[in-house]
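Visitor: need a 3D model of the sequence below.
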Amino acid sequence: VSVVFWCDRPKGLLLVPPSHLAVSPSSIPGAGAGLFAAAPMSDGTVLGTYPGVERDAESFVTTKMQDAPRCAEYVWRFGDDAAVLDPTDAGGEIREVLYGGAPYVPLSDLIMGPGLLGRFVNVNTALCRINEPPPDGGGDRVNVRVVEDIEKRTVAMILSRDVEAGEELFMDYGKTYDRSTYGGP
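Guide: Coordinates of the predicted model:
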């Protein structure tokens, strides 16, 4: 049980009150849900750290991404390409809360699920809903910056300017992000 708990526990923290954030349809057509400020917040506010279960990147690509390719939309791949943070459930979907676990590790989903340890060890997934602004000049709308800590395998999400209530939160997904589907259905 302790090995499953250590390897399959969710990481991430929401450091602002949940009432300061709201998940709603994004202002970007086709983007699905987005994350909005529900209260004014100041430049430099640390929203939290990206949620997810840490996985070895290579084995993740050959297991979960094969079984649940939709998870790729939400996975944070670290800059060294050695690990990912996966905030999705077994089917590759985002839920309000991440319990952890892995369907390809015996008993992991049962142990980490909401009925056992998941009641005590779970992570809010709101920060997974931060979109990238539209490619047509939306870069000035970026209001969240990220700081990756490769050693600790964490990603801090910090406001890069003051935001008003009702404003959608945006970040730059980086130079290597695949934008080939932008503007699609």
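
Visitor: report how many residues lie close to Glu73.
Guide: Look at Glu73: counted by other C-beta atoms under 10 Å, it has 13 neighbours. Yep, even glycine has a C-beta here, placed from its N, CA and C like the rest.

Visitor: now Arg129: phi and psi?
Guide: Backbone torsions of Arg129, given as degrees, to the nearest 10, read phi -90, psi 0.

Visitor: ok, what's across the strand from the nearest residue to Asn124 once chain neighbours are set aside?
Guide: Excluding the flanking residues, the one nearest Asn124 by C-beta to C-beta, 6 or more residues apart in numbering is Leu14, at 4.4 Å. Beta bridges link Leu14 to Gly48 when assigned by DSSP bridges.

Visitor: list the contacts for the residue nearest to Leu21 when sequence neighbours are not counted?
Guide: Nearest residue to Leu21, sequence neighbours excluded (C-beta to C-beta, 6+ apart): Ala126, at 5.1 Å. Applying C-beta atoms under 8 Å, 6 or more residues apart in numbering, we find Ala126 in contact with 14, 18, 21, 23, 35, 96.

Visitor: so how do I select the buried members of those residues in ChimeraX?
Guide: Selection of buried members from those for ChimeraX, criterion 16 or more other C-beta atoms under 10 Å:
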select :14,21,23,35
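
Visitor: thinking again about what came up before, quick one: the residue nearest to Asn124 from Glu167, how far?
Guide: In this view, Leu14 and Glu167 are 18 Å apart by C-beta to C-beta, to the nearest Å.

Visitor: do Tyr74 as well
Guide: According to C-beta to C-beta, Tyr74 stands 22 Å off from Glu167.

Visitor: mind pulling up the pLDDT for Leu13?
Guide: Looking at Leu13, its pLDDT is 89.

Visitor: any idea how far it is from Asp81?
Guide: To Asp81, Leu13 is 24 Å away according to C-beta to C-beta.

Visitor: surely Ala90 touches Ala68?
Guide: Yes - using C-beta atoms under 8 Å, Ala90 makes contact with Ala68 at a distance of 6.9 Å.

Visitor: Leu13 and Asp81: who's more crowded?
Guide: Applying other C-beta under 10 Å to Leu13 and Asp81 shows that Leu13 carries more neighbours, namely 15 against 10.

Visitor: show the contacting residues for that one.
Guide: 48-49, 123.
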